[in-house]
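Got a predicted structure here, sequence first:
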Amino acid sequence: MSSENASADADATRVKPAAERAGTRALAQDLVDVPALLAAYAELHPDPANPAQQVSFGTSGHRGSSLKASFNEDHIAAITQAIVDYRAAQGVTGPLLMGKDTHALSGPAQDTALEVLLGNGVRTLVDSRDGYTPTPALSHAILALNTDPSNKEGQADGIVITPSHNPPTDGGIKYNPPHGGPADTDATNWIADRANTLLAGGLADVQRIPLAEARQHEALGTYDFLDRYVTDLPTVIDLDAIRQARVRIGADPMGGASVGYWGEIGTRHGLDLTVVNPKVDPQWGFMSLDWDGKIRMDCSSPNAMASLIERMRSEGTGENESAGAAPFDIATGNDADADRHGIVTGDGGLMNPNHFLAVAIDYLYRHRHGWPAGAGVGKTLVSSSMIDRVAAGLGRPLVEVPVGFKWFVPGLLDGTGVFGGEESAGASFVRFDGSAWSTDKDGLLLCLLAAEIHAVTGQTPSEYYAELVEQYGDPVYARIDAPATAEQKARLKKMSPSDVAADTLAGEPITAKMTEAPGNGAAIGGLKVTTENAWFAARPSGTEDVYKIYAESFISAEHLSHVQAEAKAIVDSVIAG
């Protein structure tokens with residue numbers, strides 16, 4: 001063989017770097033070593049003086065990897081004891097509900113949490129089926145218990161063991177108080193501070209019993225999360241319409257906690273529903289790589305959702321499918337704890353999360369006649385302004401809040417905010433009668449809503465969005481990251497409108513400079529600048545040395561580029577110091 005041919009053969013067998021294989025099936029070298037991950041959970045101990053190894057609650061709890069000593073047994077023991085102490089200080093005396101997702105670290109973390117909860121004598125309820133629990137199912141269960149007149153045990157709260165859509169290397173834990181939604185910063189700051197104090201003290205103040213003893217403890221009980229959730233679905237989704245229209249649904253749990261739920265939903269309610277991939281694999285070897293070459297269960301990512309998107313492009317072969325047609329009317333995906341949704345249609349592919357939020361809002365406020373007439377439309381300030389225009393077209397007030405689903409909780413509970421959504425494919429809404437369904441993001445609910453929209457209107461959600469574009473314009477939306485030091489991120493977080501000297505943005509007069517959300521006056525931890533046809537928002541990252549620029553233009557992609565460039569210049573001029 002010539003050296004030239006040998007070189008050609010070597011090139012043919014050389015595997016491209018993971019980032020260059022985005023959207024393609026994961027290979028063996030991309031998969032986490034699960035035994036090593038689990039060993040590190042028990043064997044590595046965090047350095048309490050190292051900020052990277054301390055407990056830190058973001059918008060969705062504490063997350064990290066055992067391999068980096070940022071999510072280990074010590075963390076969970078400390079966090080759980082801190083939650084026990086917090087709920088005692090708040091007078092929460094009812095049962096604590098606990099669920100887990102399918103990440104490899106979630107099982108061991110639940111075991112550690114049980115040892116501490118039962119070591120403190122806390123009445124704890126785990127899944128009666130010994131399965132996985134989506135975040136929205138736990139939220140719904142908390143609300144169900146706390147509104148049940150027969151409940152004499154006091155107000156319930158909950159813990160979900162999940163890092164959401166994060167890679168298989170990661171673990172996560174979050175706390176939901178009795179309102180059922182994500183804990184606010186007052187709670188999470190208290191819990192994190194207490195947990196770090198416990199870590200620094202060598203866990204001496206953590207009360208804990210062996211797992212075998214915990215599993216036999218009289219305070220340990222069970223709760224059927226799946227039955228409660230599936231039984232109550234007709235109070236929030238028009239399942240009759242979906243069934244009668246024979247909408248073909250392809251639901252992909254993406255290896256996550258919704259895996260047992262979708263089949264039960266289809267069977268119990270007589271839907272034409274196929275669970276596309278019922279496999280659970282802690283390595284997620286069936287996934288396609290995300291944009292950066294990592295395995296990430298992000299149902300809003302075209303790369304992570306590549307296999308489902310491709311399936312919707314394939315020619316139909318079943319008895320209900322015509323040649324050249326997509327195999328389903330609606331295909332859906334959920335992340336690992338099912339609090340996010342991904343909607344795929346045959347005509348539009350994977351919908352941009354902002355687009356589906358706009359469709360969901362327009363449809364719901366026109367078809368939920370039992371909702372309060374004056375209830376507003378909730379959105380995070382980095383979500384598309386298409387929502388603003390839809391809300392105006394509906395004659396509904398817009399309630400724009402900072403990033404984080406916790407801001408929607410009060411409205412969802414009292415009926416003043418019947419819908420809340422954020423650009424990262426998370427949303428929830430109330431039941432037909434206006435009462436609360438879940439106060440955390442509910443990916444299953446939004447996926448079923450896509451099927452309802454198709455059943456009732458005869459349109460796919462992407463076709464529905466095309467009509468909104470004709471009425472309100474066609475926005476272009478993007479998010480980019482820009483480098484920033486810790487000091488610069490701190491300056492950005494403390495910016496005031498007066499710090500912005502510019503009076504125009506990409507050729508248009510600036511109409512507002514905001515560091516507080518107009519919907520509730522809460523600090524946004526950054527800056528938002530708006531014009532008639534564009535806006536940008538800049539926020540510091542909580543985990544990386546970057547700040548994020550969200551931007552949108554109703555003029556053109558080129559105009560969006562100008563908005564992004566000027567946004568970066570405006571922010572950099574202020575945070576430079």
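Perfect, thanks for sending it. Numbers count the residues shown, from 1 in each chain.

List the residue ranges of the stretch 451-577 of the chain that fall below the pLDDT cut-off.
543 (pLDDT under 70).

can you pull out the helices in it?
For the stretch 451-577 of the chain, the helices defined by DSSP state H, counting those that start in this stretch cover 461-472, 486-493, 557-575.

Can you say which of the ones you listed is nearest to residue 18?
In terms of CB to CB, the element of these nearest to residue 18 is helix 557-575, at 27.0 Å. C-betas here are computed from N, CA, C, even on glycine.

Neighbours of residue 501, how many?
Look at residue 501: counted by other CB atoms under 10 Å, it has 8 neighbours.

so what's it up against?
Shown in contact with residue 501 (CB atoms under 8 Å, 6 or more residues apart in numbering): residue 573.

at 10 Å what do you get?
With contacts defined as CB atoms under 10 Å, 6 or more residues apart in numbering, the neighbours of residue 501 are 570, 573, 574.

Hmm, the second one is touching residue 492, no?
What it means is residue 573. No: shown here, residue 573 and residue 492 do not form a contact pair, counting by CB atoms under 10 Å, at 11.6 Å.

which neighbours do the two share?
Looking at what touches both residue 573 and residue 492 (by CB under 10 Å, 6+ apart), the common residues are residue 499.

Looking at those two, which has the bigger crowd around it?
For residue 573 versus residue 492, the count of surrounding residues by other CB under 10 Å is larger for residue 492: 22 against 12.

the bottom helix or strand of the protein by mean pLDDT?
helix 3-13 (a mean of 45; mean pLDDT, DSSP states H and E).

Give me the contact list for the very next helix or strand once past that helix.
Downstream of helix 3-13, the next assigned helix or strand under DSSP states H and E is helix 34-43. Where contact means CB under 10 Å, 6+ apart, the residues beyond helix 34-43 that reach it are 33, 65-69, 71-76, 103-105, 107-109, 112, 168-171, 281-283.

got the CA positions of helix 34-43 in CSV?
As requested, C-alpha coordinates have been extracted for helix 34-43 and formatted as CSV (Å, rounded to 0.1, in the frame of the first residue of the first chain):
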residue,chain,number,x,y,z
VAL,A,34,-21.0,5.7,34.8
PRO,A,35,-19.1,3.5,37.4
ALA,A,36,-16.5,6.3,37.7
LEU,A,37,-19.3,8.9,38.1
LEU,A,38,-21.0,6.9,40.9
ALA,A,39,-17.7,6.2,42.6
ALA,A,40,-16.8,9.9,42.6
TYR,A,41,-20.1,10.7,44.2
ALA,A,42,-19.2,8.7,47.3
GLU,A,43,-15.4,9.1,47.3
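
May I see the buried residues of it?
Residues of helix 34-43 classed as buried under the neighbour-count rule (16 or more other CB atoms under 10 Å) are 37, 38, 40, 41.

Skip the chain neighbours and tell me the closest residue to residue 366.
residue 394 (7.4 Å; CB to CB, 6 or more residues apart in numbering).

contacting residues around that neighbour?
Applying CB under 10 Å, 6+ apart, the residues near residue 394 are 361, 362, 364, 365, 366, 377.

May I ask which helix or strand encompasses the first one?
Assigned by DSSP H and E, residue 361 belongs to helix 353-367.

moving C-terminal of that helix, what's the next helix or strand?
Using DSSP H and E, the first helix or strand after helix 353-367 is strand 376-380.

can you give me the strands in the stretch 251-400 of the chain?
Using DSSP state E, counting those that start in this stretch, the strands assigned to the stretch 251-400 of the chain run over residues 272-275, 330-334, 341-345, 349-350, 376-380, 398-401.

could you dump these to JSON lines with mean pLDDT, mean neighbour count and distance to residue 164?
Formatted as JSON lines, the entries for the strands of the stretch 251-400 of the chain read as follows, by pLDDT from 0 to 100; neighbours: other CB atoms under 10 Å; distance: least, CB to CB, whole Å:
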{"stretch": "strand 272-275", "mean pLDDT": "98", "mean neighbour count": "20", "distance to residue 164": "21"}
{"stretch": "strand 330-334", "mean pLDDT": "98", "mean neighbour count": "30", "distance to residue 164": "11"}
{"stretch": "strand 341-345", "mean pLDDT": "98", "mean neighbour count": "29", "distance to residue 164": "13"}
{"stretch": "strand 349-350", "mean pLDDT": "96", "mean neighbour count": "21", "distance to residue 164": "18"}
{"stretch": "strand 376-380", "mean pLDDT": "96", "mean neighbour count": "27", "distance to residue 164": "16"}
{"stretch": "strand 398-401", "mean pLDDT": "96", "mean neighbour count": "22", "distance to residue 164": "20"}
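
quick revisit: tell me what angle the helix holding residue 361 forms with helix 461-472.
The directions of helix 353-367 and helix 461-472 differ by 80 degrees, with axes from the mean of the first three to the mean of the last three CA atoms, to 10 degrees as the criterion.

Quick check: mean pLDDT of helix 353-367?
For helix 353-367, mean pLDDT is 98.

Return the distance of it from the chain's centre.
Helix 353-367 has its average C-alpha position 18 Å from the chain's average C-alpha position, going by CA atoms, centre = their mean, to the nearest Å.

ok, now which ones touch the residue nearest to residue 502 when sequence neighbours are not counted?
On the basis of CB to CB, 6+ apart, the spatially nearest residue to residue 502 that is not a chain neighbour turns out to be residue 570, at 5.6 Å. By CB under 10 Å, 6+ apart, residue 570 lies in contact with 499, 500, 501, 502, 505, 510, 513, 527, 529, 536, 538, 549.

Residue 110 now?
Listed by CB under 10 Å, 6+ apart, the contact set of residue 110 reads 76, 98-101, 117, 126-127, 133, 159-161, 173.

Tell me how far it lies from residue 421.
Applying CB to CB, to the nearest Å, the value for residue 110 to residue 421 is 30 Å.

swap in residue 132?
Shown here: residue 132 relative to residue 421, a distance of 25 Å by CB to CB.

circling back to that earlier point, which of the strands of the stretch 251-400 of the chain sits closest to residue 138?
It's strand 330-334; of the strands of the stretch 251-400 of the chain, that one is closest to residue 138 (CB to CB) at 14.5 Å.

between the closest one and strand 341-345, how big is the angle?
With the same axes, to 10 degrees defining the directions, strand 330-334 sits at 160 degrees from strand 341-345.

For strand 330-334, which helices and strands make contact with it?
Using 3 or more CB pairs under 10 Å, 6 or more residues apart in numbering; DSSP states H and E as the contact definition, the elements that strand 330-334 packs against are strand 248-252, helix 259-268, strand 272-275, helix 306-313, strand 341-345, strand 349-350, helix 443-457.

and the ones you listed, which is most packed in?
Among the helices and strands packed on strand 330-334, ranked by average contacts under mean count of other CB atoms under 10 Å, first place goes to strand 341-345 (a mean of 29).

in its sheet, what does that strand sit against?
Strand 341-345 pairs in its sheet with strand 330-334 (antiparallel), strand 349-350 (antiparallel), by DSSP bridges.

report the angle between the axes of that strand and helix 443-457?
30 degrees.

Not counting sequence-adjacent ones, nearest residue to residue 486?
For residue 486, ignoring the flanking residues on the chain, the nearest one in space by CB to CB, 6+ apart is residue 545 at 7.1 Å.

Same question for residue 552.
Computed as CB to CB, 6+ apart, the closest residue to residue 552 that is not its neighbour in sequence is residue 477, at 4.4 Å.

Could you double-check that the one you found sits in contact with residue 387?
No: checked against CB under 10 Å, the pair residue 477 and residue 387 is beyond contact range at 11.2 Å.
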